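Undergrad: what shape does this take:
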Amino acid sequence: MVSSIFFDDLYKQFAWYDSVFTPVVKNCSSEFFFDGFEYKLASISTNMNVLSQNETFFVTKVKINSKNDVYIRISQEAINVILDKVLGKNNRRFDLTEVSDLEARIITSFNDFLYESLAGNFTIEPHKRYNEILHLTYFVKSEISETAAKFIISVPKDILSPKDIERRVRFEDKDFSTSLVEVNLLLGTTTFPVADIKKLDVGDIVVFENSNSSEMTLICDNIIQKFKIKPNIKIVEPYDMGGGNGMSDNTNTNLWDSIQVDMAAEFDKVKVTLGELKSIEEGLIVDLCSVYDNKVSLKVGGKTVASGELVIINDRFGVRIDKVNDSQTSSHVENNSIEEVENQKESSEQNVDDFDYSDFEVENQEN
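TA: Take a look at the predicted model:
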């Protein structure tokens, strides 16, 4: 593993290093060279090799006691950035392999000046050896430079006394608890013959056998999450409904009408608060009284066949229908449902010859 990745304590202390070192670097640059340079602390690391890989540096070593030094390394590109700003852009690029005595003295003088400005933050024991070195990597650029260039300050870690600076959290979950987000709420499913779907009428109540009045399923993008709710006693219907849901028996129905299809009940897009979503995430029982007045859609194959209001019957969700889609829509849903059934059978019936349903006659038997 590359050790230049921040350790946890360095990550917590990064703000301290930035607040202590960066202003000094900026002030020294402005005083020694010119205003207008931008310095950005990019990393704090204990691994020098990764930071200086494939780059050439002008290095100034400053002895701090009998056994340790501080190093200030300015990359060749960083020197070019500084010279372009101070002397103006020109075709001659600074080359460390051809550095003159005057250029070397100027760079060394700046590095010494920078060290003296930083030294007030160091606590140094005269004869102690410090083993762990921290490398503070900065990027420098100016308004006329095309790229940011690197320079590095390397100091023994133990001569510093960094502080953990806890960044204040600007917002907490509770600050957004009343904000609304759109979701789908699935109440349950049941199985219906096509014949009964065609006979749905206003006032009928459809009970969803695969449901629980104390549980719903939330669907939000790719998230599907079951959660517990507080049942709303205001929508509880007596178990004896005096006539049921108005569905007749399936006597004398044809093959197609007897096919069983899945029907789902779900709220159309409803808005719940982020506070309610947080409760769902934490597995708490949620009070969703605010959504009970929303319309519920009855869907077959993803298409709405009817809609109505939510009721609870014998601990199951039900829907009292107040709107049924017209016959054209119902027929479309019926045909679509039959097509789905046929598609499921195709793989097993590919070698079966097609047959004409007129070959089969249905005779009414009279008693």
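
Undergrad: how distant is stretch 63-73 from the center of its chain?
TA: Mean-position distance between stretch 63-73 and its chain equals 46 Å (C-alpha atoms, centre = their mean, to the nearest Å).

Undergrad: now do that stretch: everything it contacts.
TA: Identification of contacts with stretch 63-73 by C-beta atoms under 8 Å, 6 or more residues apart in numbering yields 52, 57-62, 111, 114-115, 122, 124-130, 151-156, 159. Glycine gets a C-beta too; all of them are placed from N, C-alpha and C.

Undergrad: average pLDDT across it?
TA: What stretch 63-73 shows for mean pLDDT is 92.

Undergrad: any buried residues in that stretch, and which?
TA: 64, 68, 70-73 (16 or more other C-beta atoms under 10 Å).

Undergrad: now do stretch 96-110
TA: Here stretch 96-110 shows 96, 103, 106-108, 110 as buried, counting by 16+ other C-beta under 10 Å.

Undergrad: can you list contacts of it?
TA: For stretch 96-110, the surrounding residues in contact (C-beta under 8 Å, 6+ apart) are 28, 32-33, 56-58, 60, 74, 76, 79, 94.

Undergrad: follow-up on the earlier one: what is the nearest of the buried residues of stretch 96-110 to residue 236?
TA: Here the nearest of the buried residues of stretch 96-110 to residue 236, counting by C-beta to C-beta, is residue 110; it sits at 81.8 Å.

Undergrad: any idea how far the strand or helix carrying that closest one is from the chain center?
TA: Residue 110 belongs to helix 101-118 when elements are defined using DSSP states H and E. Centroid displacement of helix 101-118 relative to its chain, using C-alpha atoms, centre = their mean, is 47 Å.

Undergrad: which element follows that helix toward the C-terminus?
TA: strand 133-142.

Undergrad: what's the spacing between that following strand and its chain's center?
TA: Here strand 133-142 is found 32 Å from its chain centre; the criterion is C-alpha atoms, centre = their mean.

Undergrad: stretch 278-290 too?
TA: Offset of stretch 278-290 from its chain centre (C-alpha atoms, centre = their mean): 21 Å.

Undergrad: can you give me the helices in the chain?
TA: Using DSSP state H, the helices of the chain run over 8-32, 48-52, 76-87, 101-118, 194-198, 274-281, 327-346.

Undergrad: lowest-confidence stretch among those helices?
TA: Among the helices of the chain, helix 327-346 carries the lowest mean pLDDT (a mean of 47).

Undergrad: in stretch 273-293, what counts as buried?
TA: 274, 276-277, 279-280, 286, 288, 291-292.

Undergrad: low pLDDT regions in the protein?
TA: 1-11, 49-53, 90, 164-170, 239-253, 326-367 (pLDDT under 70).

Undergrad: just checking, residue 268 touches residue 297?
TA: Yes - between residue 268 and residue 297 a contact is recorded at 5.6 Å, counting by C-beta atoms under 8 Å.

Undergrad: quick check, nearest of the buried residues of stretch 96-110 to residue 42?
TA: Checking these one by one against residue 42 (C-beta to C-beta), the nearest turns out to be residue 110, at 19.9 Å.

Undergrad: and that closest one, how far from residue 196?
TA: According to C-beta to C-beta, to the nearest Å, residue 110 stands 88 Å off from residue 196.

Undergrad: what do you get for residue 262?
TA: Separation of residue 262 from residue 196 (C-beta to C-beta) stands at 13 Å.

Undergrad: same check, this time on residue 322
TA: According to C-beta to C-beta, residue 322 and residue 196 sit 18 Å apart.

Undergrad: which one's more surrounded, these two?
TA: Using other C-beta atoms under 10 Å as the criterion, residue 322 and residue 196 rank with residue 196 on top: 21 against 13.
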